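Visitor: Could you work out the structure for the sequence below:
(chains A and B)
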Amino acid sequence: MTHPSSPSAGGSFSRALLFLLIGTLIGLALGIGLHTATSGGFASYYLLDIPSWMLGLLVGTLGFFYGLLGYYGIVRGLVFQVIGTLAGILLFSAIRAVMGLPFFDPAKFGFHEGAWVFGALVGAVSFLAGVGALTDWWKWAKGEPTHDHHEDIPGWRKYFGVSLDHKVIGIQYTITSLILLSVGGLFALLFRVELAESGLQFLTVLTPDQTAALNLYNSLMSLHGIVMIISILLGIAGVINYLVPLLIGAADMAFPRLNAFSFWVAVPAAVILLGSLGLGGFDTGWTGYAPLATRAPIGIQMFYLGVWVAGWSSILGALNLVATVLRMRARGMTAFRMPILVWASLATSIISLTATQLIGLSFQMSMFERLFGMPFFNVAKGGNPILFQHLFWFYSHPAVYVFVLPGLGVISELLPVFARKPLFGYKWVALSSIGIALVGFLVWAHHMFTSGMNEYLRVPFMYSTLLVAVPTGVKFFSWVATLWKGKIEAPTPMLFVLGGIVVFLMGGLSGPPNATVSTDLHLHDTYFIVGHFHSTMFGGYIFPFFAAIYYWFPKATGKRLDETLGKWHFWLMTPSFLVLTLFMMRVGLLGMRRRIADYDPMLGFDPWHLAMTIAAFLIALSVLIFFYNMVKTLRSPVMETGNIWNSRSPEWQVPSPMPAHNYEKEFEVVGEPYDYGLPGSTYVKM
Amino acid sequence: MTQHTKQHSGSLFQGLVIFVLLAFLTAVEFFIAITNASVLLLSIAAIIKVGLVVYYYMHVYKLLEDDDEHDHSSFAWKLATNRLGLWLFLLSDAFVFGGMFVARFNLLGFTRPHLNQELGLIVTSALLVSSFFMNRGETQMALGDRKGFLISTSITFLLGLAFLLGVVFVEWPEAIHEGLTVDGSAAGGIFFLMTGMHAFHVLTGLIFLLVILRNGLRGLYSAEKHWAIEAAAVYWHFVDVVWIFYYPALYLIGKAL
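Guide: You can find the predicted model right below:
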């Protein structure tokens, strides 16, 4: 792949070869130097030392890519991250050596656990420096001026480096989210194959022995959870980033540099997270409960650190969104003329901004317990393992509202467009998002009915949890009433909206049994919970997310996704998912435990699990069709630049794709946002 | 000119009055702790102190100042937006500190680690006095007194440094010497976590102060445009606010173990 302007942009093949040579020599020298330092003297045969050569080749390869593709921010970032990680590990180990402690730790993947954690942290910061997300702030600290708007490189190359344009960042988020969705989905497929039949037969093929197979199962299961969660967080950030400034008529987010930082900090976080696989994985599930976590392999530290770093993406993105919505709305857009998606984004961001700190704290405390021996969760020394669960769930329950609120906002946003009717009960729907967010802060301990926490906490948390059904019910009544007697059209986005409503209803209805103490004591840690959770995530996030992509893809690219392939995607995914989730709930009710690699064949779950595995593969196939659709559409020359959905929303009143600086002139809001089908009503005056 | 001088002495005088009140309340807290150790009274004192700092030193009311500015490239609009962003960040950060605060009561209840009371009072005073000088420095810059700003901020920096060194190099070794180790008990763990996280924030605040001192020396700020100074000051006071809660939580409340 040669680009005419590549050499002038700073990369070329000869440069790459030079960097390969220099990098190899540096790595080799470092390796031999280390060998000499640790063994007490140099011997000539060290020149053929295999680990040193491997280090040399690693650094050389990095140099090669840096030389060839260094003009892409992301390549620079990744090269910096690897080098930063290595440097951090070596620095930490060197300090240990100076203090008279061993440099290497053969029992823990070569280095001390602290060295790995420190290295990963230095690597993340190095990534941000390498990609260029810190450059402007460094200039500010030095008192140097920066440009308010900097122009992006035209074409697709701008997506691989730091851009301050919220639309570019939104697409970067979305693509990263889809990549992680595929990775997390792949992990699910792997352990689903293992579960298709009782006994251990698949993962044992990939691993030397049964213990390793079980460890791999645990790591895949845990990583599936957390990778999907990060994917969802990035996906909603993508939707919010791309759309909210357009919907409220802003030229950009309130803090464009912070916006870029929020995205780029998530990339090294994902790398660290996946790096846990190389350090023994972790067997705690995505919840990382102590005290099991204090005995898990080092992989758990990468899990904790990855989530901690990704948390900053979420927190700072939310901060930006709140400031944007409060400060940058178009003239005439009063609170109750804001689109529902903006309300939902605001509600989501209130949770992300505040509660995320608590999962960060719980993970940090668990990390410190492992690193420094601080016995927060060790009962023998006065600690309390329940404390971890309280801190963890204070975020991690509201987090599910972070995941679904924007999706439910998308549903409310699109439904009136395709039903050609006003949204029923606009004010109630707007406030229901805020209501869910606020009640969401008071429900966390319903995850802990069986944990041994004080019993008097059970009933209040049961009632507060059931209370969430009220604002959620408001949304459902609004959707049904909006559809009622509407002139419904059903192109692909609308199909996904309708599918989302049905699936989310199933997720919602399977919720109260888990919130009710008497039934939860039976259902806790069974596949019923897994089925419930996947229904809420698919209904509240996956379906609306795909609806949003099908709906706004033409706005972003000027090209419309293929309808036939879109319908294949929908009609393949929906029944498969229903099979998957309903069967999960069924085997769960019958006593199938979650998080386990094997089950008793006498339980008779084999055919049900086989069906679930097949359903999972069909969902994966449907997503592949979606990816093919995206590639095919992007390559096709047919342009769709008009208001193809006949929407009232301001972003559709200008031609697609959206111009670089959004609206040429500010628009003014003069009416209600969702008065579809009412003659003579207008929403915005362009 | 006289008008200016009057305003000058007025806002500086206000800062002094608030400081005297804060110092008085701190002394009252200490007195409560050594007499009846009432948690209610200690909480009331802490909340009053925080209220004073948040209103008079951090000027939280500026968030509500109505600006009719619609031009998003104007300084006034950016200033108000930056202010909002900073306060949102502090709100977020407050949840970390709040989480540790709750964890402390979850783990220790109404008992507290045995610590050196004199030392605790000294470092607390250092931080409190530093907040006074921070406020003074910011006010001086707002009144156009660059030299006064530089002096006051330098004093803030030195006091902050004294606090940091006092905690890390005097208080910690002494606590360890008294048997409150990092890995010995949950009490030790939470003590080092709370003071360590706070000290980390003091460190970042000190770096921030160095940045504004350097840029102030180069004359980059004016009476009208000094957002960086305001931000550093608000952040510095926030770190003080955290300590206003942490000091009684670690040193005063409950029975010493």
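
Visitor: Report how many residues lie close to residue 107.
Guide: Going with chain A. Counted with other CB atoms under 10 Å in any protein chain shown, the neighbours of A:Ala107 add up to 7. For the C-beta atoms, the positions are set from N, CA and C on the backbone; glycine is no exception.

Visitor: ah, I was thinking of chain B
Guide: 20.

Visitor: which residues does it contact?
Guide: Residues near B:Leu107 by CB atoms under 8 Å, 6 or more residues apart in numbering or on different chains: A:376, A:382-384, A:387, B:186-187, B:190.

Visitor: And B:Ile32, by the same measure?
Guide: Taking CB under 8 Å, 6+ apart, we find B:Ile32 in contact with B:38, B:41-42, B:45, B:252.

Visitor: rerun that using 10 Å as the cut-off
Guide: B:38-42, B:44-45, B:248, B:252-253 (CB atoms under 10 Å, 6 or more residues apart in numbering or on different chains).

Visitor: Ok, A:Ala615 next?
Guide: Contacts of A:Ala615 by CB under 10 Å, 6+ apart are A:192, A:573, A:575-584.

Visitor: hmm, try it at 7 Å
Guide: A:Ala615 makes contact with A:576, A:579-580, according to CB atoms under 7 Å, 6 or more residues apart in numbering or on different chains.

Visitor: quick revisit: wait, which of the contacts of B:Ile32 is closest to B:Gly109?
Guide: B:Ile253 (10.1 Å; CB to CB).

Visitor: wait, that closest one sits on B:Leu41?
Guide: No. Applying CB atoms under 7 Å, one finds B:Ile253 not in contact with B:Leu41, separated by 10.6 Å.

Visitor: which one of these two has more residues nearby?
Guide: B:Ile253 (23 against 16).

Visitor: ok, so of the contacts of B:Ile32, who is nearest chain A?
Guide: Taking CB to the nearest CB as the measure, chain A lies nearest B:Ile253 of the contacts of B:Ile32, at 17.4 Å.

Visitor: Need phi/psi at the closest one.
Guide: phi -80, psi 140 (degrees, to the nearest 10).

Visitor: What pLDDT is listed against it?
Guide: In this model, B:Ile253 is scored at 90, pLDDT.

Visitor: burial measure for the closest residue to chain B within the stretch 501-650 of chain A, as a count.
Guide: Nearest to chain B, among the residues of the stretch 501-650 of chain A, is A:Pro650, at 16.9 Å (CB to the nearest CB). Neighbours of A:Pro650 under the rule other CB under 10 Å: 24.

Visitor: Need the nearest residue in space to it, chain neighbours excluded.
Guide: A:Val684 (4.6 Å; CB to CB, 6 or more residues apart in numbering or on different chains).

Visitor: what do you get for A:Thr174?
Guide: A:Gly238 (3.5 Å).

Visitor: same question, A:Lys485
Guide: A:Lys421 (7.6 Å).

Visitor: Relative to chain B, how far out is the one you found?
Guide: 34 Å (CB to the nearest CB, to the nearest Å).

Visitor: do A:Val307 as well
Guide: 15 Å.

Visitor: Enumerate the positions of the helix or strand containing that residue that are buried.
Guide: Assigned by DSSP states H and E, A:Val307 belongs to helix A:299-327. For helix A:299-327, burial by neighbour count (16 or more other CB atoms under 10 Å in any protein chain shown) applies to A:299-325, A:327.

Visitor: What mean pLDDT does it get?
Guide: 95.

Visitor: The next helix or strand after it - what's its average pLDDT?
Guide: Going down the chain from helix A:299-327, the next helix or strand is helix A:340-372, by DSSP H and E. When pLDDT is averaged along helix A:340-372, the result is 95.
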